[in-house]
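**Student:** Below are the sequence and a predicted model; questions follow.
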Amino acid sequence: MKRRILNRLEEETGIVSGETLSSELGISRVSVWKHIRKLREIGYHIVSTPKGYRLVGDHDTLYSWEFPGRESKIHYFTEVTSTMDVARDLARKGCPDFTVVIAGRQAKGRGRLNRNWFSSEGGLYFTMVLRPQIPQAISSRVNFSASLTLARTLNRLFGIDARVKWPNDILVDGRKISGMLSEMEAEGEMVRFINIGIGLNVNNNPTEKEPNATSLKEILKKEVSRKQLISGFLDDFEKRMKRETFENVISEWKKYAMTLNRRVRVVTTRDVSEGLAVDVDENGALILELENGERKKVTYGDCFHQQM
Ligand code: BTN
C-alpha cells in the first residue's frame, strides 16, 4: 500500500486529496492518513495541506518497494550490526540467489582482516547472497567479477575513473571509495553460497581515521542517489553473473587494475612482502617479483602501493 500511495503522489506534481487516495486505493481516509504518517516517519517528505498531500523533493530511501522487480529479494534495515551477519542467516536458511541485505547504518560494520568498517548515514552498505554453481576452488573469481563490475558501474553512472586495487578495493584518484568483504560456504566441492558485502562512500564523509579514503560526494561536489547507484550496480552485476563463465574475469579485471607494474608492500597476519606486482593469477593471487628476483604468490593481505 505504501508503494501505491507513493506512486500516486509521485505521478502528481500538485496536491492529491485524501479523498482521491482513499477512493482510488480502496481504503479509508484514516488509513490513508496512517500510511502517510508512517511514510513520513521513515524518511519521505510529504506535506499535508487542507487540500491534501504532496510529495516534496528527492528521497533517497532504500526500502524494498523502491526496487520494482527485486522487491521480494531486498531486505532493508535502518540499522543492523553488519549486513554480513543478516545475509549469512538468510543464506543458511535457503534464501534465493541475489538476495540483497541493505542497511542505512551499521553498528559493527566489518572490514577485511578483522578491521571495522565505519558505516555512518549516507553511505551504501549491502551484502549480496550469491549461489553460483561453481566449484569452491574458483570462488574468488566471483569477488573479482563484482569489483570489476562496480568500477564499471561507477564510471558509467558518474563519468569518473574508478579503478580496482588488489584484491577488491575501488579507488578514485588513488583514494579508496569502496571496499569488499566476502564469505563463502561450500558443500563438498561446490559453492553453497558466496556473500559479497560492499561498503561504498557515497554521501557520507569518511572519518579522520581513514585519511586515504574519499566519497562520491567529495569527488563530484554534490550528493548522488544511492538508490540509482545500487540499482545500476545490481542490474549490471546480475546480467554479468547470468552469462559469467569465469574464464576471462581476471584478464578483464586487470584492465582496471592500479596495482600492476608498481612496487607494493603486502601485509598479512603472518608476514610482510615487498616487490614489484607483476601479475594476478587465474584465481586472483598477486604475483610479486621480490628484490632477489624470486617470484612470490600472495593470496590475501593488505596491499599498499609504494610511491612511484
Ligand atoms: C574492506 O575492509 O575494505 C572491506 C569493507 C567491507 C564493508 C562492507 S559494508 C557492507 C558489508 N557489511 C559489513 O559489515 N562489511 C561489508
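**Tutor:** Good, I have the coordinates.

**Student:** dump the residue contacts of the residue of the chain found nearest the ligand.
**Tutor:** In the chain, the residue found nearest to the ligand is Gly179; the distance is 2.1 Å by C-beta to the nearest ligand atom. The way it works is simple: take the backbone N, C-alpha and C, and place the C-beta from them, glycine included. Counting by C-beta atoms under 8 Å, 6 or more residues apart in numbering, Gly179 makes contact with Gly111, Arg112, Trp117, Asn168, Asp169, Ile170, Ile198, Gly199.

**Student:** Just say helix, strand or coil for Thr210.
**Tutor:** Actually, residue 210 is Glu rather than Thr. Each residue gets one of three states, and Glu210 gets coil by DSSP: H, G, I helix; E, B strand; the rest coil.

**Student:** Would you check that it makes contact with Phe118?
**Tutor:** Yes - checked against C-beta atoms under 8 Å, the pair Glu210 and Phe118 is within contact range at 7.0 Å.

**Student:** what residues are up against His75?
**Tutor:** Per C-beta under 8 Å, 6+ apart, neighbours of His75: Ser64, Val86, Leu90, Thr99, Val100, Val101, Ile102.

**Student:** Between Glu210 and Phe118, point out the one with more neighbours.
**Tutor:** Phe118 (18 against 14; other C-beta atoms under 10 Å).

**Student:** And what about the more buried one, helix, strand or coil?
**Tutor:** Per three-state DSSP, Phe118 ends up coil.

**Student:** Residues of the stretch 151-300 of the chain that sit close to the ligand?
**Tutor:** Asp169, Gly179, Met180, Leu181, Gly197, Ile198, Gly199 (C-beta under 6 Å from any ligand atom).

**Student:** The residue nearest the centre of the chain sits in which helix or strand?
**Tutor:** Compute the mean C-alpha point of the chain, and by C-alpha atoms, centre = their mean the closest residue is Ile198, 3.9 Å away. Assigned by DSSP states H and E, Ile198 falls within strand 190-200.

**Student:** And that strand, what does it pack against?
**Tutor:** Under the contact criterion of 3 or more C-beta pairs under 8 Å, 6 or more residues apart in numbering; DSSP states H and E, strand 190-200 touches helix 83-92, strand 124-130, helix 140-158, strand 175-187.

**Student:** part of a helix, is Gly293?
**Tutor:** No - remark: Gly293 does not belong to a helix; assigned using three-state DSSP, it is coil.

**Student:** How confident is the prediction for it, by pLDDT?
**Tutor:** The per-residue pLDDT reported for Gly293 equals 94.

**Student:** how close does it sit to Val264?
**Tutor:** 17 Å (C-beta to C-beta, to the nearest Å).

**Student:** Of the helices and strands packed on strand 190-200, which stretch is the most buried?
**Tutor:** Mean neighbour count (mean count of other C-beta atoms under 10 Å) peaks for strand 124-130 among the helices and strands packed on strand 190-200, with a mean of 26.

**Student:** now for it, which elements pack on it?
**Tutor:** Under the contact criterion of 3+ C-beta pairs under 8 Å, 6+ apart, strand 124-130 touches helix 83-92, strand 99-106, strand 190-200, helix 226-243.

**Student:** Buried deepest among the ones you listed, which one?
**Tutor:** Mean neighbour count (mean count of other C-beta under 10 Å) peaks for strand 99-106 among the helices and strands packed on strand 124-130, with a mean of 23.

**Student:** Show me this protein divided up by domain.
**Tutor:** Listed domain ranges for the chain are 2-55, 64-254, 263-305 (source: automatic domain parsing).
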